[in-house]
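*Asks:* coordinates only, sequence not included:
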């Protein structure tokens, strides 16, 4: 007679079922099983996909996690090297809401001797090939992660379709060569180039040209069919010229700032962020695809939902004990994702005070995790440190990340001698930023309600050394200040 071994787990479960309540049974099973994470990735048009065009922005959502658990979400190149990473806390349902993980998808980094820093280079279709990149989700605080899942994705040029999507690139002239750029100074020339640009759609404008728009980055993103408005500059350009690069020479048309861009970016735009749209049929509408088609793309954009490029503001640098940090407004109530009509530049909703329950703050689709509370927008852009990889072991693809802390204002050490210590109820967050913008990122929730009453500062540790040192950002300002008065960035009140 054959005998079958009964697994110990089944015997234990039968015993529990015989004598226990429903709660005990649920807790017993949960303690002996692990969550199965479900990873979803989205492009800047909020479409779920595993295929990304270069220069897009990738958003990652994860479900099936432990409620309120803290996780690392990594983006890995085809060889397993880290490109970029973030730390995120799941909500009470075990979900990390869609969060920006990789800005400027697919760009490689190469050293530029003339600029003395790494620059972004658009790889060729052959270089990208068919190798799979990966998203990895794992526990943040343990060496042997109980949760460890991957999802493959691909970076491709959509060539074998009716009309591929144009790839719009803000650029500068570097020793006679056009170089892709995200960060400019006032007075520098701005060039726009477009890769993957094929013949004009039918019917084409009689001029054979397309329209280039510079639009203010206001936190919103362009949906198919949105009017391209308000805009700062519009300028016609020949298709063939855009393939190699066109200098912006038009005059600003917004808010009576009639500055010519022919002599460089006007000083008015210091500290501001913009996006670039190429309108191929010059109808003033952002059209992702031709109506009724799925593979006939029309317009292109550099910076959809994120900044296409920034213009540096003159930095305010405070040197305590021979160390330099940059005071900056960061703590925000959050801005909507809808384009706004405005007479002044977009208000990023910096605040000096928050309610502990988060009331009065925005709830967003793609912040680090859903919920009301303190958002981070480190903008305007105050400095341009030489861009280096986070470590020598990072991928050849461009990905930059920084550490963000919420610190009790009384514990902020501006001398750089004491380790940064996160306030009770908060934790060190790692967040991706755009290359060439070490102090610029898409807005994200950094303290979800409920919060604890007190006085706080936000610290962006750019070099990730755990101390406030040269080039780090500290929100120890009130909303209208440029230099700190009392060392408090914001307060939380009951």
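*Replies:* Alright, I've got the coordinates. Remember, it's a predicted structure, so these values are computed and weren't measured experimentally.
*Asks:* tell me the contacts of residue 54?
*Replies:* For residue 54, the contacting residues are 105-107, 122-123, 128, 155, 157, 167, 195, by Cβ atoms under 8 Å, 6 or more residues apart in numbering. Every residue, glycine included, has its C-beta placed from N, CA and C.
*Asks:* mind listing which of these are in strands?
*Replies:* 155, 167, 195 (DSSP state E).
*Asks:* picking that back up, lowest-confidence entry in the contacts of residue 54?
*Replies:* Lowest-confidence member of the contacts of residue 54: residue 128, scoring 80 (pLDDT).
*Asks:* show me where the stretch 151-300 of the chain has helices.
*Replies:* Counting by DSSP state H, counting those that start in this stretch, the stretch 151-300 of the chain has helices at residues 239-244.
*Asks:* any weak-confidence spans in it?
*Replies:* Within the stretch 151-300 of the chain, the ranges that satisfy pLDDT under 70 run 202-206, 255-256.
*Asks:* coming back round to it: which among the contacts of residue 54 end up buried?
*Replies:* The neighbour-count test (16 or more other Cβ atoms under 10 Å) marks 105-107, 122-123, 128, 155, 157, 167, 195 as buried among the contacts of residue 54.
*Asks:* quick one, domains of this protein?
*Replies:* 38-117+126-143, 167-311 (automatic domain parsing).
*Asks:* can I get those domains in a markdown table with distance to residue 424?
*Replies:* Output for the domains of the chain, formatted as a markdown table (distance: least, Cβ to Cβ, whole Å):
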| stretch | distance to residue 424 |
| --- | --- |
| domain 38-117+126-143 | 15 |
| domain 167-311 | 30 |
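*Asks:* my guess is residue 194 contacts residue 280, does it?
*Replies:* No: between residue 194 and residue 280 there is no contact, the gap being 9.4 Å when judged by Cβ atoms under 8 Å.
*Asks:* what is in contact with these two at once?
*Replies:* 166, 300.
*Asks:* quick check: the closest residue to residue 346 other than its chain neighbours vs residue 272, distance?
*Replies:* In space, and not counting its chain neighbours, residue 346 is closest to residue 218: 3.8 Å by Cβ to Cβ, 6 or more residues apart in numbering. Noted for residue 218: a distance of 10 Å to residue 272, by Cβ to Cβ, to the nearest Å.
*Asks:* residue 91 too?
*Replies:* 33 Å.
*Asks:* out of the domains of the chain, which comes closest to residue 374?
*Replies:* Distance to residue 374, taken as Cβ to Cβ, is lowest for domain 38-117+126-143 among the domains of the chain, at 13.4 Å.
*Asks:* can you pull the contacts of residue 252?
*Replies:* 232-233, 258-261, 266, 268.
*Asks:* same deal with residue 478?
*Replies:* When contacts are counted by Cβ under 8 Å, 6+ apart, residue 478 is found next to 352, 485-486, 488.
*Asks:* got it, and residue 67?
*Replies:* 90-94.
*Asks:* picking up where we left off before, neighbour-wise, which of the contacts of residue 478 leads?
*Replies:* Of all the contacts of residue 478, residue 488 has the most neighbours under the rule other Cβ atoms under 10 Å, reaching 19 neighbours.
*Asks:* hmm, residue 410 and that residue touching each other?
*Replies:* No: checked against Cβ under 8 Å, the pair residue 488 and residue 410 is beyond contact range at 9.4 Å.
*Asks:* who touches both of those two?
*Replies:* Common contacts of residue 488 and residue 410 (Cβ under 8 Å, 6+ apart): residue 455.
*Asks:* ok, and the closest non-adjacent residue to residue 422?
*Replies:* residue 405 is the one closest to residue 422 (Cβ to Cβ, 6+ apart), at 5.0 Å.
*Asks:* give me the three-state assignment for that neighbour.
*Replies:* strand (DSSP: H, G, I helix; E, B strand; the rest coil).
*Asks:* what sits against it?
*Replies:* 420-422, 426, 428-429, 458-459, 461.
*Asks:* and of those residues, the nearest to residue 305?
*Replies:* The closest of those, once distances to residue 305 are taken by Cβ to Cβ, is residue 429, at 20.0 Å.
*Asks:* quick one: residues contacting that closest one.
*Replies:* Going by Cβ under 8 Å, 6+ apart, residue 429 touches 86-88, 368, 403-405, 446.
*Asks:* how near is it to residue 307?
*Replies:* Residue 429 sits 20 Å away from residue 307 when distances are taken as Cβ to Cβ.
*Asks:* same question for residue 476.
*Replies:* 24 Å.
*Asks:* look at these two and report which has more neighbours.
*Replies:* Per other Cβ under 10 Å, whichever of residue 476 and residue 307 has more neighbours is residue 476, with 28 against 25.
*Asks:* now do the contacts for the more buried one.
*Replies:* With Cβ under 8 Å, 6+ apart, residue 476 has these contacts: 327, 409, 412, 457, 484, 487-489.
*Asks:* of these, which is the most crowded?
*Replies:* Busiest of the contacts of residue 476 [other Cβ under 10 Å] is residue 489, holding 30 neighbours.
*Asks:* which residues touch that residue?
*Replies:* Residue 489 touches 330-331, 409, 456-458, 474-477, counting by Cβ under 8 Å, 6+ apart.
*Asks:* which residues does the residue nearest to residue 422 bridge with?
*Replies:* residue 459 (DSSP bridges).
*Asks:* then residue 296?
*Replies:* Beta-bridge partners of residue 296, as defined by DSSP bridges: residue 163.
*Asks:* and stretch 329-342, which residues are buried?
*Replies:* Neighbour-count burial for stretch 329-342 flags 329-335, 337, 339 (criterion: 16+ other Cβ under 10 Å).
*Asks:* out of these, who's nearest residue 57?
*Replies:* residue 337 (13.4 Å).
*Asks:* now do stretch 420-427, average pLDDT.
*Replies:* 95.
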